[in-house]
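J.: How does the following fold in three dimensions:
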Amino acid sequence: MSSNIYGVDLGTANLKIYCKASGTILNEKNTIAIINKNQMYAYGDSAYAMYEKAPEQILVTFPIVNGVIADYNNMQAMLFEFLEKNTKGKTRGAEFVIAVPTDITKVEKKAFSDIISKSKAKPKNVLLCEKPIANAVGLGLNVNEPTGIMVVDIGADTTEISIISLGGLVLSHLLHFGGNRLDESIISYIRKNYNLVIGRKTACSLKEELSSALEGRDASMVIVGRDVVSGLPIEMEITASIVYEAIRDHLTNICTNIKLILEKTPPELAKDIIHAGIYITGGSSKIERLDELFSQITNIKVNRCDNPEESVAQGLIKIVSDQEYKHLAYNWKTSEYK
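T.: You can find the predicted model right below:
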């Protein structure tokens with residue numbers, strides 16, 4: 001394989017690209033700003049800065065919804081603008097490995113492949129890799145061994161719970177909610193109980209700064225929102241206990257689904273999972289004491305990682321670089337590992 005290889009993780013919130021030649025991971029918001037209905041005005045972090053602040057003629061959108069491509073043309077345009085800006089146009093004839101969610105249709109997988117294979121880059125080859133497997137490889141786990149590995153990936157729009165062994169998925173379940181649903185529940189809870197309307201960015205800041213999976217966190221944050229009664233902007237202090245109450249039910253739902261997957265896991269694989277523990281990744285896995293909550297529910301230890309948002313990209317690094325893991329990537333037409 002040549003050095004001109006890219007690993008791509010088209011996440012709902014962030015776009016991550018590993019460039020083998022430079023050995024770096026490019027990481028920006030997966031956001032695009034459109035003007036005049038079809039003209040790209042900004043993308044990435046600069047487009048996200050406009051979110052909830054742009055005038056009517058500028059539309060700020062997220063091209064990935066529920067883990068799949070919802071806006072094909074704009075996603076393709078942004079991806080290659082991003083690549084050309086950061087790689088100085090060295091994409092022609094390159095090889096690409098793209099991480100794809102589980103439980104999506106072959107047509108949706110084809111869209112992930114086509115977004116690059118049918119582009120002006122004219123790639124040499126485009127392969128797909130199941131996201132949970134890339135996650136496990138990125139965590140430094142040997143997925144080729146006959147050992148059960150459980151990975152819970154809590155992303156922006158989806159939560160994937162997977163059991164992996166011998167380089168394949170034994171069990172997998174894709175939940176269509178994640179960090180964005182937590183933001184929505186914070187917005188709804190504060191409006192209902194405190195008559196205060198806040199934006200998604202403020203809710204996301206509250207989640208990142210104050211959220212906890214268990215009661216008892218002592219912290220607070222002053223935010224600005226619009227008072228429902230007066231219609232005027234006001235400041236209000238929000239405590240960690242308020243955020244906990246807002247997100248508690250959703251975290252309980254994830255716990256329930258983890259238990260359901262464990263109940264279906266073959267006993268020999270369950271033994272491996274009890275020994276090694278459950279691995280949690282994804283941006284929303286950074287919620288404080290989330291590992292303690294999952295451990296209380298399952299009686300299994302839970303392992304965190306240092307950069308959970310980039311674990312898929314880290315796995316793609318090994319898959320494109322190491323001959324031992326090359327077979328984990330496959331062509332969408334065959335849907336079989338090469």
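J.: what secondary structure does the closest residue to residue 122 other than its chain neighbours sit in?
T.: Nearest residue to residue 122, sequence neighbours excluded (C-beta to C-beta, 6 or more residues apart in numbering): residue 92, at 5.8 Å. In this view, the C-beta of every residue, glycine as well, is placed from N, C-alpha and C. Under DSSP: H, G, I helix; E, B strand; the rest coil, residue 92 falls in the coil class.
J.: Roughly how far does residue 158 sit from residue 201?
T.: Distance from residue 158 to residue 201, counting by C-beta to C-beta, to the nearest Å: 21 Å.
J.: higher neighbour count, these two?
T.: residue 158 (28 against 14; other C-beta atoms under 10 Å).
J.: Can you give the distance of the helix or strand that contains residue 73 from its chain's centre?
T.: For residue 73, the element it lies in under DSSP states H and E is helix 72-87. Relative to its chain's centre, helix 72-87 lies at 19 Å (C-alpha atoms, centre = their mean, to the nearest Å).
J.: What residues of that helix count as buried?
T.: 74-80, 82-83, 87 (16 or more other C-beta atoms under 10 Å).
J.: same thing with stretch 255-269?
T.: Across stretch 255-269, burial judged by 16+ other C-beta under 10 Å covers 255, 257-258, 261-262, 265, 269.
J.: I'd like to know which of those residues is nearest to residue 278.
T.: residue 258 (7.4 Å; C-beta to C-beta).
J.: Only alpha carbons, please: show the helix holding residue 73 as PDB.
T.: Only the C-alpha atoms of helix 72-87 are listed here, as PDB (Å, rounded to 0.1, in the frame of the first residue of the first chain):
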ATOM      1  CA  TYR A  72     -24.800  13.900   0.000                       C
ATOM      2  CA  ASN A  73     -23.700  16.800  -2.200                       C
ATOM      3  CA  ASN A  74     -22.800  19.200   0.600                       C
ATOM      4  CA  MET A  75     -21.000  16.400   2.500                       C
ATOM      5  CA  GLN A  76     -18.900  15.600  -0.500                       C
ATOM      6  CA  ALA A  77     -18.100  19.200  -1.200                       C
ATOM      7  CA  MET A  78     -17.100  19.900   2.400                       C
ATOM      8  CA  LEU A  79     -15.000  16.700   2.600                       C
ATOM      9  CA  PHE A  80     -12.800  17.600  -0.400                       C
ATOM     10  CA  GLU A  81     -12.500  21.200   0.500                       C
ATOM     11  CA  PHE A  82     -11.300  20.000   3.900                       C
ATOM     12  CA  LEU A  83      -8.900  17.500   2.300                       C
ATOM     13  CA  GLU A  84      -7.500  20.000  -0.300                       C
ATOM     14  CA  LYS A  85      -6.900  22.600   2.400                       C
ATOM     15  CA  ASN A  86      -5.100  20.300   4.800                       C
ATOM     16  CA  THR A  87      -3.300  18.000   2.400                       C
END
